[in-house]
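Participant: using only what follows, build the 3D model:
(2 chains)
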Amino acid sequence: MVKGALFRKSLRDMQKSKSQFLSIFIMATLAVSIMTGLDSIWFTVQNHADAMYRAANLSDLWVTVQNPSEQQLWGIRQIGGVTQVEKRFSADADTDLPGGPTLHVYALNDRSTLDQPELQEGKFAKSGGGAVLDSGFAKAHGLKVGDTVSIKLNGVWLRLSIDGLALSSEQVHAVKNSATLVPDPATYGFVVVHTGVLESVYGQKVYNQISVKTKPGTDLTQVVQQADAEIGRELIGITLQKDSSSVSSVNGRIQQFKTLSIVFPLLFFLVTALITQSTMMRLVENQRAQIGVLKALGYSKRSILWHYTSYGVMVGVLGSVFGLLLGPNAFGRILVPQLKLAFSDYKLSINFGHFVFVFLLILLCTGGVSFYACWKLQGDTPAVLLREKPPKKGDHIFLEALPSLWRKMKFSSKLIARNTVKNKIRLLMSIIGVMGCTGVIISALTIKSTLSGITDQMYGTTFTYDQKIILDTKKADSRYLSNLDLDGVTQQAEESALEVVYPNGEQKMEPVTITPKDSPLIHMQDVAGNPISLPENGILMTRKLCKSLGVEAGDIVRIKRTNNGYVSVPIVQVAYLASGQGIYMTDTYWESLGETFKPTALLVKWNGTPDEKFLASDAVADSATRESQQSSLSSSMQVVNLAVIMMIVMGASLAFVVLYNTSILNFVERVRDLATLRVLGFRHREIRNLVLIENYFSVLLGMLAGIPIGRFISWIIASSLDERLDLLGNITLPDVLIAGVTTLCFAWIINNVVARKMKQIDMLEALKSVE
Amino acid sequence: MDFITFENVEREYHVGDAVIMAVDGVSFSLGSGTFNVVLGQSGAGKTTVLNMLGGMDSPTAGRIIVNGNEVSGMSEQELTDYRRTQIGFVFQFYNLVPNLTALENVQLAEEICTDPLDAREMLRRVGLEKRMDNFPSQMSGGEQQRVSIARALAKNPQIVLCDEPTGALDSETGRKVLRLIRDVANDLGKTVIIVTHNAPISEMAQTVLHMRDGKIAEMEFHEHPKDVEEILW
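Facilitator: Below is the predicted model:
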């Protein structure tokens, strides 16, 4: 039982250095669990979304056109690749529920097959008057199958009886508009009805969208161009599935976690490799003579190599198994619900293909590194190995090139300096560990303050109105508005969407705001924070939109006019707006393009109390105070707190494991040197400081290195967090300082633990045992 | 005469349930500035005696008095101060700090002592003026031991304790090292105690304590100790 004996030896060796092997195990587990955990998040979302889209028979694109004719429908049906075409109605409607939530109404033709709701409860009749309500919305408002809900369309209240509760592929990430970041089923949901229901409102069946399904692999750009030509001047816009609000948000989430699952765990893999390296190096060095004995006994090179490699392999395999169990359950189960996606009960999907890759990677970091550590020694002959280990080499270091400085240094500083420089791997390990800790904390804090900065920018600087009033455009025409005499500063605005042509020929609907030039209640800024005004002879575009269009100030973009082909407009100004990307222009410029300015919203800064009489009038469809917008935006950012805590915990574990290890190693490796100093009469505190000051030195270097890392991680997270947000991810001094102090606190705690451990080891005993 | 006094000193160790009397009722006195050897086989308790005298270990019974101070009753803190100011150690395996040069190893003493001797001067005395900037790994065993002696003496201690100082050296080098210890200690008026199992070395001592099984078997006094060169081993 040769193998059995060696196996027992490895178990006992690990038992002896249990804190080191435990550290490798913890790091390996963390690395694997973070990677598989983050992986499982996007994989789960992707699988669920795909299954849902398939089941719903989700359209590939929607052509928005008011009351499409049979001829237009037929024309689109004839475009190459198009397999299915259906008309439908899609619009937001007010409800009579408390809090005034909005329901998006989808009216489908009888026996329609595209864009079907995914029924959770009740039924969706093939035809008739019943409605299917958003199940999340129903739950938030305590509605059940058999209840009724009233919606207001075209100024008419419509009572709908709820036949079923469902999910919608178009409302997985259900937000009313781009100003809402996190879905809230209490304020926004959807309802699906049959087009017949709308007859009581409009007097006839109405449609405003053509749902188009194509063969897989169809060039959608071609379809869009042909559909555009087919509909002609009546076309309002064409939206591809991937650009539709919910689908693009879901894809954004998937992309975000894909990026994080690659970037984030890297540090942990690196640290795993470094801890393994230093542990195995020391173990193999200490067992020089044993290796010699094994060789002398006749063990082959290969079995000795495998013996030492197996230490790493065992820990790596164990870490992978635990990581696989922990990661998806901890990260997946906690974070997937936080995405607030409207899925039916989902099962976590684990991406086993990626797990194999992660498994091999961690084996490389543990087993591979162990193999390398042993590789160097096994070449020596047994006789060489059995001989006493040559004394450790001391070396002059670069500091000595400055004799004036070197001579002034105390011996303890010299010792610390030489020791630090000599153990580069250990230094590197501490620096990377601390760097990761500081970097992660910096980025966590940065993301938090960046997100709260959005609220400040949006509702502190950019928008200074008290109240935003959505006008009922039928009642509040320009004459009504010009006769309106409100006590306060007002600003009219037309908010809609314009089709913009991308350089690659793609067409996308982008939000547009048209408002008078003096703009007393909307204040645009550039990236540096300088105020900029709306241009008179062109448009203003937000920075992120410019980036995704690939244009900059001075360039020309083509936009679709409401009724007549395309027009080229110059981008005169680029503004930085964290949330709410889009196009801004003056009413005069808009009219110079041959369009009319039809305000849809009125911004008001009241001189005294709000004019309740006006607010209650027919002309007002809806209104929101700036405070309520601001608080709903900031409350939607609360989820970030959880992520921030998780990141800080990860950073702390990185610092703890790494620093504890390096300090203990630093101490154990030099226990004889330190014992000598002790015998010479050095005090316990002085010797402890030799080890701890070295620690603080690497902590300091690590913290400095953590700043650019934090900047980098912040930047990655900021740019992948949300497509609709333009986050700079700039780190600020206070965040860096907080992260630094936090890291120092961790280091201080670890140093105290190490100091206690140092006291437990009788150093004189270590010295005497040699004699 | 009585610079160092041991009075019925005992030291027991507990290993599991077994009690080992490493030192079992040892009493002796040594004068200031003398050159002494503790002789015995391994396990005789001689290193334990040295450790207790050096403040690295404390007796379980009895008293140790050095220069009028009772070392046996000292706290951990006081023992450190005692080692710091009164004791110089020379080890069998030198125990130099590998990361410090020869000079820096000796300068260690300057860091902690109130009245150290000049490190360069001490290295000159042990004949290493040309090797001051070398690291221990670049020196032979004899050279390392000489650095160790310089380091012990640079602290300007009252007592120099040497545990098998020649144990890892060949006989010729060992002879030189012993000679050096005696000459330098003599010049500076230090009390030297050498622990060894090497009987011939005892011939150069003024007092020889023969130890066996934790007890002093015999005390031997030499009016005229031999010179190192006269010793055969």
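
Participant: hey, let's count contacts and neighbours off CA atoms from now on
Facilitator: Will do.

Participant: centre-most residue in chain B?
Facilitator: residue B:161 (1.2 Å; C-alpha atoms, centre = their mean).

Participant: wait, isn't that residue in contact with residue B:83?
Facilitator: No: checked against C-alpha atoms under 8 Å, the pair residue B:161 and residue B:83 is beyond contact range at 10.9 Å.

Participant: what about residue A:227, distance to residue A:235?
Facilitator: Taking C-alpha to C-alpha, to the nearest Å as the measure, residue A:227 falls 9 Å from residue A:235.

Participant: related to what we said a few turns ago, list the residues that contact the residue nearest to the centre of chain B.
Facilitator: Contact analysis of residue B:161 by C-alpha atoms under 8 Å, 6 or more residues apart in numbering or on different chains lists B:50, B:54, B:87-90, B:192-195.

Participant: output the below-cut-off pLDDT ranges for the chain.
Facilitator: In the absence of a named chain, this looks at chain A. Applying pLDDT under 70 to chain A picks out residues A:1-4, A:178-181, A:377-383, A:386-395, A:399, A:563-564, A:636-639, A:761-771.

Participant: nope, chain B please
Facilitator: B:1, B:232-233.

Participant: for chain A, what's the nearest residue on it?
Facilitator: Closest to chain A within chain B is residue B:84: 3.8 Å, counting by C-alpha to the nearest C-alpha.

Participant: what helix or strand is that residue on?
Facilitator: helix B:76-86 (DSSP states H and E).

Participant: how far out from the middle of the chain is stretch B:70-87?
Facilitator: 16 Å (C-alpha atoms, centre = their mean, to the nearest Å).

Participant: near chain A, list only the ones from the contacts of residue B:161.
Facilitator: Counting by C-alpha under 8 Å from any C-alpha of the partner chain, B:87-89 from the contacts of residue B:161 sit close to chain A.

Participant: among those residues, which one lies nearest to residue B:120?
Facilitator: Set against residue B:120, the nearest of these by C-alpha to C-alpha is residue B:88 (17.3 Å).

Participant: so the closest one touches residue B:163, yeah?
Facilitator: No: at 11.2 Å, residue B:88 does not count as touching residue B:163 under the criterion of C-alpha under 8 Å.

Participant: ok so, going back, what does the residue nearest to the centre of chain B show for phi and psi?
Facilitator: phi -110, psi 130 (degrees, to the nearest 10).

Participant: circling back to that earlier point, quickly list what's touching both of residue B:161 and residue B:83.
Facilitator: Counting by C-alpha under 8 Å, 6+ apart, the residues touching both residue B:161 and residue B:83 are residue B:54.

Participant: shared neighbours of residue A:227 and residue A:235, anything?
Facilitator: residue A:63.

Participant: counting by contacts, list what the helix holding residue B:84 packs against.
Facilitator: Secondary-structure packing of helix B:76-86 (3 or more C-alpha pairs under 8 Å, 6 or more residues apart in numbering or on different chains; DSSP states H and E): helix A:671-680.

Participant: and the helix it packs on, C-alpha only, in CSV?
Facilitator: What follows is helix A:671-680, C-alpha atoms only, in CSV (Å, rounded to 0.1, in the frame of the first residue of the first chain):
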residue,chain,number,x,y,z
VAL,A,671,11.1,32.0,13.5
ARG,A,672,14.7,31.2,14.1
ASP,A,673,16.0,34.6,13.1
LEU,A,674,13.4,36.2,15.3
ALA,A,675,14.2,33.9,18.1
THR,A,676,17.8,34.9,17.9
LEU,A,677,16.8,38.5,18.2
ARG,A,678,14.7,37.5,21.1
VAL,A,679,17.6,35.9,22.8
LEU,A,680,19.8,38.9,22.1
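
Participant: what about that helix, near chain B?
Facilitator: Yes: using C-alpha under 8 Å from any C-alpha, helix A:671-680 reaches chain B at A:672-673, A:676, A:678-680.

Participant: got the angle for that helix vs helix B:76-86?
Facilitator: Note on geometry: by axes from the mean of the first three to the mean of the last three C-alpha atoms, to 10 degrees, helix A:671-680 and helix B:76-86 are set 80 degrees apart in direction.

Participant: centre of the chain versus helix A:671-680, how much separation?
Facilitator: 51 Å.

Participant: counting by contacts, list what it packs against.
Facilitator: Under the contact criterion of 3+ C-alpha pairs under 8 Å, 6+ apart, helix A:671-680 touches helix A:684-721, helix A:763-768, helix B:76-86, strand B:87-90.

Participant: top helix in chain A by residue count?
Facilitator: Longest helix in chain A, counting residues (DSSP state H): helix A:245-286.

Participant: moving C-terminal of it, what's the next helix or strand?
Facilitator: Helix A:245-286 is succeeded, C-terminally, by helix A:288-297 (DSSP H and E).

Participant: how about the following helix or strand past that next one: buried residues?
Facilitator: The C-terminal neighbour of helix A:288-297 among helices and strands, as given by DSSP H and E, is helix A:301-327. By neighbour count on 16 or more other C-alpha atoms under 10 Å in any protein chain shown, the buried set for helix A:301-327 is A:304-327.

Participant: repeat for stretch A:561-575
Facilitator: Buried residues in stretch A:561-575, defined by neighbour count with 16+ other C-alpha under 10 Å: A:561-562, A:566, A:568-575.

Participant: chain center to that stretch: distance?
Facilitator: On the basis of C-alpha atoms, centre = their mean, stretch A:561-575 sits 33 Å off its chain's mean C-alpha point.

Participant: what residues does that stretch touch?
Facilitator: A:232-236, A:498, A:524-527, A:532, A:534-535, A:537-543, A:546, A:552-560, A:595.

Participant: what about the helices in chain B?
Facilitator: Under DSSP H, chain B gives helices at B:46-53, B:76-86, B:102-112, B:119-125, B:141-154, B:171-188.

Participant: how about these in TSV, adding mean neighbour count?
Facilitator: Shown next, in TSV, are the helices of chain B (neighbours: other C-alpha atoms under 10 Å in any protein chain shown):
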stretch	mean neighbour count
helix B:46-53	23
helix B:76-86	19
helix B:102-112	23
helix B:119-125	19
helix B:141-154	26
helix B:171-188	17
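
Participant: just so I know, which of the ones you listed lies nearest residue A:736?
Facilitator: Using C-alpha to C-alpha, the nearest of the helices of chain B to residue A:736 is helix B:102-112, at 38.1 Å.
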